[in-house]
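Q: Sequence first, then the predicted structure:
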Amino acid sequence: MIETSYNTAAADYHAILKDYTRDNPYDRAVLGLFAERVADGPVGDLGCGTGRITTYLDSLGLDAFGIDLSPGMVEVARKEYPELRFEVGSLFDLDLKDGELAGALAWYSLVHTPREDLPAVFAELHRVVRPGGYLLHAFKVGTGGYHVDHAYGHDLDLDVYCYEPADITTLLTEAGFTEVATFTHAPLELEKQPQAYLLVRVTP
């Protein structure tokens, strides 16, 4: 369902959102903080979509690469940003070594993941980030969720889940992360609800 929907919408998704970070001061501020904190080493944009955030991380001087579930999204990313590395993969089972990453990004890549599945994903993210490394997780604020039947000019079939920051912080702490900072902001033009960014660290 998720893979099929994003395979279908990949090209139009990119056309609509490719410059969104450039126009969003909150995104730029949080990604800048993340980039300042991450030490030398690879940074995985996990659930990278069409690579718009991966290339932004690269512009900030990070050694960034992307992984996404959707082959269609990865195909667009490789075409748009051929200088960067993109692979198809699942956040539940990453083809990465233990502690391989200096930093990881889950940038709205878990908005289609129900709460009962989040502990398994967070455990996998904790596995691949080295001690002292950072994870930045962006998500939609709220309780419950909604279904998307049409977006980016296509008929889709997607469930979207919203979470309270305190709840996500608890789950990340249980997975072995330590909270560094939490940010929220009111919805912008293309957004239906407040947005949250959680920066956490693997204990050195």
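A: Okay, I see it. Quick caveat: nothing in here was measured; it's all calculated off a predicted structure.
Q: so Thr169 sits right up against Val180, yeah?
A: No: assessed by CB atoms under 8 Å, Thr169 is found out of contact with Val180, at 10.6 Å. C-beta here means a position set from N, CA and C on the backbone, and glycine is covered the same way.
Q: quick one, what contacts the closest residue to Cys162 other than its chain neighbours?
A: Distances taken as CB to CB, 6 or more residues apart in numbering place Gly142 nearest to Cys162, at 3.2 Å, with adjacent residues excluded. Going by CB atoms under 8 Å, 6 or more residues apart in numbering, Gly142 touches 162-164, 193-194.
Q: Same check on Asp95?
A: By CB under 8 Å, 6+ apart, the neighbours of Asp95 are 87, 89.
Q: circling back to that earlier point, what about the contacts of Gly142, which one has the most neighbours?
A: Within the contacts of Gly142, Tyr163 tops the neighbour count with 24 neighbours, counted by other CB atoms under 10 Å.
Q: what about it, distance to Arg115?
A: 7 Å (CB to CB, to the nearest Å).
Q: any idea how far the residue nearest to Gly99 when sequence neighbours are not counted lies from Thr173?
A: Leaving aside its chain neighbours, Gly99 sits nearest to Arg130 (4.0 Å; criterion: CB to CB, 6+ apart). Distance, Arg130 to Thr173, using CB to CB: 18 Å.
Q: Which one of these two is surrounded by more residues?
A: More neighbours surround Arg130 than the other of Arg130 and Thr173, with 19 against 13 (other CB under 10 Å).
Q: any idea how far Gly32 is from the more buried one?
A: Distance of Arg130 to Gly32, given as CB to CB: 21 Å.
Q: Equivalent analysis for Cys48, please.
A: Noted for Cys48: a distance of 18 Å to Gly32, by CB to CB.
Q: what about the two, which has more around it?
A: Cys48 (30 against 12).
Q: Quick check, Leu46 in contact with Ala64.
A: No: contact criterion CB under 8 Å: Leu46 and Ala64 do not qualify, at 10.9 Å.
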